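# Predicted model follows, preceded by the sequence.
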Amino acid sequence: MIKVLIVDDDFMVAKVHAGFIQRTPGFTVVGAAHTGAQAVAETERLKPDLVLLDIHLPDINGLDLMQRLRAVAPELDVLVISAAREVETVRKALRGGIVHYLIKPFSQTDLQERLEHYRSAYQGLDSAKDVAEQSDVNRVFGLDRSERPLPKGCSIETLRLVEAAVNAAAGDVSAAEVAQELGTSRVSARRYLEYLHDEGTLEVRLKYGVGRPERRYVLKGA
């Protein structure tokens, strides 16, 4: 699971964003901070993978805070979520190495799309590899052209439910188990699972027994 710390001075907004994140497969909210000082302390204590960072904080500018957070957590990734629309602010954030900049207000879908890109691109890099392929780099910068459209008759809503079912499972799952969980057919569940496997989101593990090996699915890198 990707651990997320929310940094926003508005308590209610932080709570709403936490709900969005918790409904995104592969992510969990580990805490929230409402000032820069709290953010530094919580980053040291909770060791998040990703910070959702607002620019306007009561004690420090969010972009200046980003440098302090990196001082205590050098590998920390930052996704800016802010009402700040000034071009120079966006440029400064990009120079600081953010993974994305999302302007408020935004929808749950807007945030989930950025999070899903982050998960597949950055977390999809295989840490066991010594070198990256060009396709790996393209994926990080949003230039991957390999993504295929959903199979005919499939929907993005059901795709997300299938991915959530795999994420919630304690270990790998079969198409039959996902089908039972979602109340759909095994054939339908397998189509979604195979799509996610082809896109690099899932790994397949073969379970051998009597007859044909059973294909079991698990989030990549889990």
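Here it is on my side, so go on.
# So Gly200 sits against Leu219, correct?
No: look at Gly200 against Leu219 with CB atoms under 8 Å: they stay out of range, at 10.8 Å. Placement of C-beta: from N, CA and C, glycine included.
# got the contact list for Val78?
For Val78, the contacting residues are 50-51, 53, 66, 69, 96-99, by CB atoms under 8 Å, 6 or more residues apart in numbering.
# could you give the mean pLDDT of the helix or strand harbouring it?
Mapping Val78 onto the secondary structure by DSSP states H and E places it in strand 77-82. Confidence over strand 77-82 (mean pLDDT, whole number) is 94.
# Can you tell me the strand partners of it and which way each runs?
Partner strands and pairing direction for strand 77-82 (DSSP bridges) are strand 50-53 (parallel), strand 100-103 (parallel).
# Buried residues, stretch 64-82. List them.
Using 16 or more other CB atoms under 10 Å as the burial criterion, the residues of stretch 64-82 that qualify are 65-66, 69-70, 73, 76-82.
# For these, give me JSON lines that also has distance to Arg191.
Shown next, in JSON lines, are the buried residues of stretch 64-82 (distance: CB to CB, whole Å):
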{"residue": "Leu65", "distance to Arg191": "45"}
{"residue": "Met66", "distance to Arg191": "42"}
{"residue": "Leu69", "distance to Arg191": "42"}
{"residue": "Arg70", "distance to Arg191": "42"}
{"residue": "Ala73", "distance to Arg191": "40"}
{"residue": "Leu76", "distance to Arg191": "37"}
{"residue": "Asp77", "distance to Arg191": "32"}
{"residue": "Val78", "distance to Arg191": "36"}
{"residue": "Leu79", "distance to Arg191": "31"}
{"residue": "Val80", "distance to Arg191": "37"}
{"residue": "Ile81", "distance to Arg191": "34"}
{"residue": "Ser82", "distance to Arg191": "39"}
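# As a check, name the ranges of all helices in this structure.
Chain-ordered helices for the chain, with DSSP state H as the definition, fall at 11-22, 36-46, 62-72, 87-95, 108-121, 134-140, 156-168, 175-182, 186-198.
# looking at those helices, which has the lowest confidence?
Out of the helices of the chain, the stretch the model trusts least by mean pLDDT is helix 134-140, with a mean of 65.
# before we move on, back to that, okay, angle between the strand holding Val78 and helix 11-22 too, please.
Counting by axes from the mean of the first three to the mean of the last three CA atoms, to 10 degrees, strand 77-82 points 130 degrees away from the direction of helix 11-22.
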